[in-house]
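*Asks:* Here is a sequence together with a model predicted from it:
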Amino acid sequence: MESSRVSDTIPETFAAVVHADPGRPLLTWYDDATGERIELSGATLANWVAKTANLVVDHAGLRPGDRAGVDAPPHWQTAAVLLGCWTAGLAVVPTDEADTVFAAADRAAGHAGDGREVYGLALAPLGAPMRVVPPGVTDFIVEVRGHGDHFAPVAPVGPDDPATPSATHRELCASARGRAAELGVGSAGRLLVDAAVHPDPLDWLLVPLVTGASVVLCGNLDPRQVDKRVEVERVTHRLV
């Protein structure tokens, strides 16, 4: 697939990549500690993103310009949360500045108790829910599944709207394009990423999006599996 035209917002960039080939694998997740492999097409990831955007609007009551914190490692669920928040017009900020927090299951309890909505991400194989839900925490997987598959924003996200505390959508997209050039990632590739080495979403999420690439995201990567995975997944670029 040829890279989409230059877009200046993350939702527009994501939508263009999905529209170009909805059935193409866009994010493939491996966890070498559990043996999990899950492949999300553009259409499937877009479904999760829409559900997340609807959740933050309809369940958390957030509006464009509000702030979400994400305290979770690279994972397909983390991708859905980040893209869902940006699609809903939220800025992704440090958790102590956030109106609502999304946190990995083992971190969620530490964010609860101050009146904010806290969503726990189980990050479990097959999208299983949290085994134990602490007081003051809502299980993201359980809650998000009840929300709509399509999201209609009150107003489209604009290029000059804040995406992070220090960058607008335009600036963050430009940073991702610059980072792609720095890493040597061309258009329409297939990128293998070691989540431990590249935990910044700029590398494992936004670089693939702005280049129209798909990503093979590996947690607990076993170095002995890299060459075989490159062959099986037809990887064109390695970030390991």
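*Replies:* That came in fine, so what should we check first? Keep in mind that this is a model prediction, so the values were computed, not measured. Numbering: from 1, shown residues only.

*Asks:* From here on, just use CA atoms for contacts and neighbour counts.
*Replies:* Will do.

*Asks:* So in this structure, which helix runs the longest?
*Replies:* What stands out as the longest helix in the chain, according to DSSP state H, is helix 42-58.

*Asks:* name the helices or strands packed onto that one?
*Replies:* The helices and strands touching helix 42-58, judged by 3 or more CA pairs under 8 Å, 6 or more residues apart in numbering; DSSP states H and E, are helix 10-20, strand 25-31, helix 76-87, helix 140-144.

*Asks:* how about it: buried residues?
*Replies:* For helix 42-58, burial by neighbour count (16 or more other CA atoms under 10 Å) applies to 42-57.

*Asks:* Among these, find me the one that's closest to residue 210.
*Replies:* Of all these, residue 42 has the smallest distance to residue 210: 14.0 Å, by CA to CA.

*Asks:* Tell me if I'm right that that closest one and residue 20 touch.
*Replies:* No - with contacts counted by CA atoms under 8 Å, residue 42 stays clear of residue 20, the gap being 9.2 Å.

*Asks:* Going along the chain, name the strands of this structure.
*Replies:* In order along the chain, the chain carries the following strands (DSSP state E): 25-31, 36-41, 67-71, 91-93, 100-104, 117-121, 138-139, 162-164, 167-168, 190-194, 214-219, 237-239.

*Asks:* Run through the neighbouring helices and strands of the longest one.
*Replies:* For strand 25-31, the elements it packs on are strand 36-41, helix 42-58, helix 76-87, strand 214-219, judged by 3+ CA pairs under 8 Å, 6+ apart.

*Asks:* which residues are contacting the first one?
*Replies:* Counting contacts by CA atoms under 8 Å, 6 or more residues apart in numbering, the residues outside strand 36-41 that touch it are 22-31, 125-126.

*Asks:* now, which of the residues you listed sits nearest residue 165?
*Replies:* Distance to residue 165, by CA to CA, is smallest for residue 27 among the contacts of strand 36-41, at 26.4 Å.

*Asks:* ranking the strands of the chain by burial, who's on top?
*Replies:* Each of these was assessed for mean neighbour count using mean count of other CA atoms under 10 Å. The highest is strand 117-121, with a mean of 27.
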